[in-house]
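S.K.: Provided below are the primary sequence and the corresponding predicted coordinates.
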Amino acid sequence: MKSIFSIYAKDLRGIVTNWATAVIIGGLIILPSLYAWFNIKASWDPYGQTSGIQVAVVNEDTGTTMRGQPLRIGDEIIGSLNQNHNIGWNFLGEKKAMTGLKRGQYYAVIIIPCNFSARIASVLTPNPEKAEILYYVNEKINAVAPKITAKGASSVISEVNRNFIKTANGTIFSIFNQIGLELKQELPLIRKIKTLAFRIQELYPEINQAAGTAVQDLHTSREILGNVQAELPHAADLAATGQAWSGKTSQFLDESGKVLEAASPAVEETLSTMANTAEAVAQSTGLLLAALDQDEDVTPFPSKLSDKLAPIITTVADSTDSLSAMLLRLEAAAPGDKLAGVITSLHLAGEEFRQMAQLVQDFNNQAKETKANAKTSLKNLNDLAASSALRLDRLAGSYDTEIYPAIQSVVAKLKQEAEHAGDMLKKAESDLPVIDKVLTDAAKGLTVAVSGAEDIVKDLPAAEIKLSEVTNRITSLEKEGSLEDLIGLLSLNFSAESEFFAEPVILKENRVFPLPNYGSAMSPFFTTLSVWVGGLLLVSMLTVEVHDTYSGIRSYQEYIGRFLTFLTLALLQSVFTTTGDLLLLGTYAADPMRFVIYGLLLAGVFMLIIYTLVSVFGNVGKAMAIVLLVLQLAGSGGTFPIQVTPPFFQAIYPFLPFTYGISLMREAVGGSVRDIVTRDIIALLIFAGLALALGLGLKKVVNKAAAKWVKKAKSGHLIH
């Protein structure tokens, strides 16, 4: 140990007593800290100074209209960017912007196309088109700037999307709100419809049966219509025949009128004759009654009465019936009750004449028996004859004033109806072609109707299945929630709902190990790096060999003795760097004391590794330390997460001293986790142990083997 400390003490005296050496050593102590300080300060808050990054914005949007309202989203974006000072926005024309981009005046160019608003508005059309914002970036100017400008462009698009979603959702929820109010008003009707749907489902068997019946009826109707069409030619013939018959009937009635006019005196005379006959019977029976009252013998007279009077009475009765039947036929042909009274009177007269004929016969028979019975029959005959005479006399007296005008009226009416029937048949005959066309069209319609009805019958099972699905769906929906609940949801405040869906999730950041700035976050990496760089400077400027001759000095003593000098200087470098980080730059550290202590640990371990490599391998060791530095810059996760680096660096990551050195310093800056601190310290001590083992075990062997090679290299006067 004495030899080790004597080497160390001599090195310290050499530094203190030689001012030139002291100046150089002082510079070596300060230089690594400058490396850390300048880098930390340069990266202190890079993302807070992005307003200096120039980005050109070109607005070519011509605008459009939506629901009658003007829409110029490009202008809205420009207005929003005017309020955004995170990036240096420059509002230019396209030509000037693209020229500036190529010359490096602008890092990026954002172009809002002329159809930007039109494409946004296409959301209300059947074929909506997504709007585009054109983004051009010059990536050769800087490696990081494109990421910042891309973030700015993304924020523009995000703001447009948010505002659009907010507006669109506001419109949609406003419509939903209106639908909710309408549903609330129509809720009774909806319930009725639901009830009706279930009722229709219950009635489907009857509906199927009714549909089948309808199809059968349509088939029957088509058959009937076919039969009617088949008989239509016969109807035309009948119409023509009827028209001819009507004409003949009219002519016949004209002739009948003339005949009736010519026969009118005879009819009147017939009525008078009937009345006279009845009067004669009444007078004859009156005489007989008078004779019987005088007890005269009237036996011969009844025989004459029976033989002469009875045939006359019968003939008159027949005439009365004939005239009554004729008038009855006229009355039936043209009803109007104008001849009803005459017909009734004639009918009664005819009945009375037949009764008189019977009484004459009865009188003849009774006169042979008893006088009393004969007198009774004769009395009845007399009364009946007097009544008939009176009635017929009245008819004969009213013939010219009542009966004949009534007969003429009936005949005229018959003639009028015959002529009307002729006109109707004539019109019917002219309408038959139209009727035929109508029937043809009706037949076609029935054919279509039959086909449609059959299709309906075929579709009824599928419709029944669909209706069953609907009712089942209604039942399942009612289990999940009532229509009233849906109406309640649709009736919510559409403005609040629009705000919610425009940004349904808000990122609530919780900083577990908060760091105030980017420079403080980078201080572990740059401090660790400066400690390694400080070690490289020391081995580059100072020799690791002991040139003075010590009697009996051994290789390990030389190794350890000179290392103590390098260790002292490395510790001073670390103290100067870490305290400068904290005091001069004001970097944040959750535990400043640990930050300094961990820096000292790194300085000791890194110096041991570098010193060992140079002490054992000479100048080759210096190259090895530099190569190790290069590998650790990319493979230790100091700047980018190790997960984003290539597989090679991820593979060597666990075997690099920087990995644990940076991690340990981060624990001091952000806040310590005991397990991580323990792991990092153990890993660094393992690296130190390996370096110490390498130096103690191989220094003598390697130095002796390389002595001739080193001497040869130095003879060239380029390598010391």
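M.R.: Sure thing, it's come through.

S.K.: Local confidence estimate at Ser540?
M.R.: Looking at Ser540, its pLDDT stands at 85.

S.K.: Which pLDDT value does the model give Leu690?
M.R.: 93.

S.K.: what helix or strand is it on?
M.R.: helix 674-714 (DSSP states H and E).

S.K.: repeat for Glu545
M.R.: Assigned by DSSP H and E, Glu545 falls outside every helix and strand.

S.K.: Share the number of residues neighbouring it, please.
M.R.: Counted with other C-beta atoms under 10 Å, the neighbours of Glu545 add up to 12. Backbone N, C-alpha and C define where each C-beta goes, glycine included.

S.K.: Next, work out how far apart it and Phe649 are.
M.R.: Per C-beta to C-beta, to the nearest Å, Glu545 is found 35 Å from Phe649.

S.K.: Is it correct that Gly286 is in contact with Leu381?
M.R.: No - the pair Gly286 and Leu381 fails to qualify as a contact (C-beta atoms under 8 Å) at a distance of 10.1 Å.

S.K.: which one of the two has more residues nearby?
M.R.: Using other C-beta under 10 Å as the criterion, Gly286 and Leu381 rank with Leu381 on top: 27 against 14.

S.K.: Return the residues in contact with Ser154.
M.R.: By C-beta atoms under 8 Å, 6 or more residues apart in numbering, the contact set of Ser154 is empty.

S.K.: Below-threshold pLDDT in the stretch 601-720 of the chain: ranges please.
M.R.: 700, 703-720 (pLDDT under 70).

S.K.: With the stretch 301-450 of the chain instead?
M.R.: For the stretch 301-450 of the chain, the stretches with pLDDT under 70 are 301-310, 324, 327-339, 361-374, 398-400, 402-404, 406-432, 434-439, 441-446, 448-450.

S.K.: do that again at 80, thanks
M.R.: Scanning the stretch 301-450 of the chain with the threshold set as pLDDT under 80 gives 301-381, 384-385, 387-450.

S.K.: Please apply the same query to the stretch 451-600 of the chain.
M.R.: 451-512, 543-558, 561.

S.K.: just the strands in it please.
M.R.: Using DSSP state E, counting those that start in this stretch, the stretch 451-600 of the chain contains no strands.

S.K.: Would you map the helices across it?
M.R.: Along the stretch 451-600 of the chain, the stretches classed as helices by DSSP state H, counting those that start in this stretch are 483-490, 494-502, 518-541, 555-580, 592-617.

S.K.: Those: which one's closest to Thr270?
M.R.: Ranking the helices of the stretch 451-600 of the chain by their distance to Thr270 (criterion: C-beta to C-beta) puts helix 483-490 first, at 93.4 Å.

S.K.: thinking again about what came up before, can the helices of the stretch 451-600 of the chain go into TSV with extra columns for mean neighbour count and distance to Ala317?
M.R.: Converted to TSV, the helices of the stretch 451-600 of the chain look like this (neighbours: other C-beta atoms under 10 Å; distance: least, C-beta to C-beta, whole Å):
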stretch	mean neighbour count	distance to Ala317
helix 483-490	14	92
helix 494-502	16	105
helix 518-541	24	146
helix 555-580	21	162
helix 592-617	23	158
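
S.K.: Okay, now the unreliable bits of the stretch 51-200 of the chain?
M.R.: Counting by pLDDT under 80, the ranges of the stretch 51-200 of the chain that qualify are 51-52, 66-69, 80, 84-86, 120-121, 123-126, 139-200.

S.K.: residue ranges of the helices in it, please?
M.R.: 73-82, 94-102, 116-121, 145-185, 187-293.

S.K.: Which residues are in contact with Leu633?
M.R.: 529, 658 are the contacts of Leu633 under C-beta under 8 Å, 6+ apart.

S.K.: in whichever strand or helix holds it, what counts as buried?
M.R.: Secondary-structure assignment from DSSP H and E places Leu633 in helix 619-635. Along helix 619-635, these residues count as buried under the neighbour rule (16 or more other C-beta atoms under 10 Å): 621-622, 624-625, 628-629, 631-635.

S.K.: try stretch 342-356
M.R.: Using 16+ other C-beta under 10 Å as the test for burial, stretch 342-356 gives 342-343, 345-350, 352-356.

S.K.: I'd guessed Leu31 sits against Leu537; true?
M.R.: Yes - between Leu31 and Leu537 a contact is recorded at 6.0 Å, counting by C-beta under 8 Å.

S.K.: quick revisit: which among the buried residues of stretch 342-356 gets closest to Lys95?
M.R.: Using C-beta to C-beta, the buried residues of stretch 342-356 come closest to Lys95 at Ile343, 119.4 Å.

S.K.: Contacts only, for Gly286.
M.R.: Asn382.

S.K.: re earlier: now for the buried residues of helix 619-635, which pair is the farthest apart?
M.R.: Maximum pairwise distance among the buried residues of helix 619-635 (C-beta to C-beta): 21.3 Å, between Gly621 and Ala634.

S.K.: residues contacting the closest residue to Leu629 other than its chain neighbours?
M.R.: Closest residue to Leu629 apart from its sequence neighbours, by C-beta to C-beta, 6 or more residues apart in numbering: Trp532 at 5.8 Å. With contact taken as C-beta under 8 Å, 6+ apart, Trp532 is in contact with 606, 610, 629, 632, 658.

S.K.: so can I have TSV of these showing distance to Lys96?
M.R.: TSV is the format used below for the contacts of Trp532 (distance: C-beta to C-beta, whole Å):
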residue	distance to Lys96
Phe606	53
Ile610	54
Leu629	46
Gln632	46
Phe658	47
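
S.K.: which one of these is nearest Pro516?
M.R.: Phe658 (24.5 Å).

S.K.: helix/strand/coil for the closest one?
M.R.: helix (DSSP: H, G, I helix; E, B strand; the rest coil).

S.K.: What separation do you get for it and Arg666?
M.R.: Using C-beta to C-beta, one obtains 12 Å as the distance from Phe658 to Arg666.

S.K.: Let me see the contact set for the residue nearest to Gly100 when sequence neighbours are not counted.
M.R.: Spatial nearest neighbour of Gly100, excluding adjacent residues (C-beta to C-beta, 6+ apart): Tyr106 at 4.6 Å. Going by C-beta under 8 Å, 6+ apart, Tyr106 touches 54-56, 90, 97, 100, 138.

S.K.: In strands only, show me these.
M.R.: If you go by DSSP state E, the contacts of Tyr106 have 54-56, 90 in strands.

S.K.: Save those as CSV, and put in neighbour count and distance to Thr320 too.
M.R.: Converted to CSV, those look like this (neighbours: other C-beta atoms under 10 Å; distance: C-beta to C-beta, whole Å):
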residue, neighbour count, distance to Thr320
Gln54, 18, 137
Val55, 25, 131
Ala56, 25, 131
Asn90, 16, 133
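
S.K.: Would you mind giving those as a markdown table with distance to Ser158 added?
M.R.: Shown next, in a markdown table, are the ones in strands among the contacts of Tyr106 (distance: C-beta to C-beta, whole Å):
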| residue | distance to Ser158 |
| --- | --- |
| Gln54 | 21 |
| Val55 | 16 |
| Ala56 | 20 |
| Asn90 | 21 |
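
S.K.: out of those residues, who's nearest Phe513?
M.R.: Checking the ones in strands among the contacts of Tyr106 against Phe513 by C-beta to C-beta gives Val55 as the nearest, at 33.1 Å.
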